[in-house]
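> Fold the following for me, if possible:
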Amino acid sequence: MLRARGRHRARRLEEHRALAHYLAGLSAFAFHDPKAMPDFRPAGAPPRAAEAAVHTADHERVRGALIGMALRAR
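So this is what the prediction gives:
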């Protein structure tokens with residue numbers, strides 16, 4: 001029971017820290033260069049086509065590197 005409360009509290013603090021970091025970045029955009037502020041995307045929204053293409057290329061690059069390492073180990 002005590003461990004669960006501790007893990008829950010640590011998780012909540014981590015979520016709060018991440019949110020505060022994200023909000024600090026957005027407020028910096030809003031103060032210094034509002035035109036360059038990123039667009040709002042709801043949580044769980046599908047990635048944009050350009051982002052998906054970059055992630056697909058990165059995924060294939062990493063996959064090839066892992067396959068190469070697996071074959072070298074034999």
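> Every contact and neighbour count from this point should use C-alpha atoms.
Will do.
> Quick check: what element follows the longest helix along the chain along the chain?
In the chain, assigned by DSSP state H, the helix with the most residues is helix 2-32. Heading C-terminal from helix 2-32, the first helix or strand you meet, by DSSP states H and E, is helix 49-72.
> so what pLDDT did Arg48 get?
On pLDDT, Arg48 comes in at 69.
> For Ala43, see how far away Glu14 is.
With the distance defined as CA to CA, to the nearest Å, Glu14 ends up 18 Å from Ala43.
> quick one, which of those two is more surrounded?
Set Glu14 next to Ala43 and count neighbours by other CA atoms under 10 Å: Glu14 wins out with 12 against 6.
> The more buried one and His21: what is the separation?
On the measure of CA to CA, Glu14 and His21 end up 11 Å apart.
> low-scoring stretches of this protein, by residue?
The chain contains residues with pLDDT under 70 at 1, 39-40, 42, 44-45, 47-52, 73-74.
> what about Ser27, how many neighbours?
Here the number of neighbours of Ser27 (other CA under 10 Å) works out to 14.
> how far away is Leu26 from Pro46?
For Leu26, the distance to Pro46 - CA to CA - is 21 Å.
> Comparing those two, which residue is more hemmed in?
The neighbour count for Leu26 versus Pro46, taken as other CA under 10 Å, is higher for Leu26 (14 against 10).
> my guess is that one meets Met37, correct?
Yes - in this structure Leu26 lies within contact range of Met37 using CA atoms under 8 Å: 7.0 Å.
> quick one, what contacts Arg63?
The contact partners of Arg63, taken as CA atoms under 8 Å, 6 or more residues apart in numbering, number zero.
> now do the one 3 residues further on
Applying CA under 8 Å, 6+ apart, we find Leu66 in contact with no residue.
> Kindly recompute the last result at 10 Å.
Residues in contact with Leu66 (CA atoms under 10 Å, 6 or more residues apart in numbering) are 60, 72.
> Alpha carbons of stretch 9-26, as CSV, please.
What follows is stretch 9-26, C-alpha atoms only, in CSV (Å, rounded to 0.1, in the frame of the first residue of the first chain):
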residue,chain,number,x,y,z
ARG,A,9,3.0,10.4,-6.0
ALA,A,10,6.2,10.1,-8.0
ARG,A,11,4.2,9.6,-11.2
ARG,A,12,2.1,12.6,-10.5
LEU,A,13,5.2,14.7,-9.7
GLU,A,14,6.7,13.6,-13.0
GLU,A,15,3.6,14.5,-14.9
HIS,A,16,3.5,17.9,-13.2
ARG,A,17,7.2,18.5,-14.0
ALA,A,18,6.6,17.6,-17.7
LEU,A,19,3.6,19.8,-17.9
ALA,A,20,5.4,22.7,-16.3
HIS,A,21,8.3,22.3,-18.7
TYR,A,22,6.0,22.2,-21.7
LEU,A,23,4.1,25.3,-20.5
ALA,A,24,7.4,27.2,-20.0
GLY,A,25,8.3,26.5,-23.6
LEU,A,26,5.0,27.7,-24.8
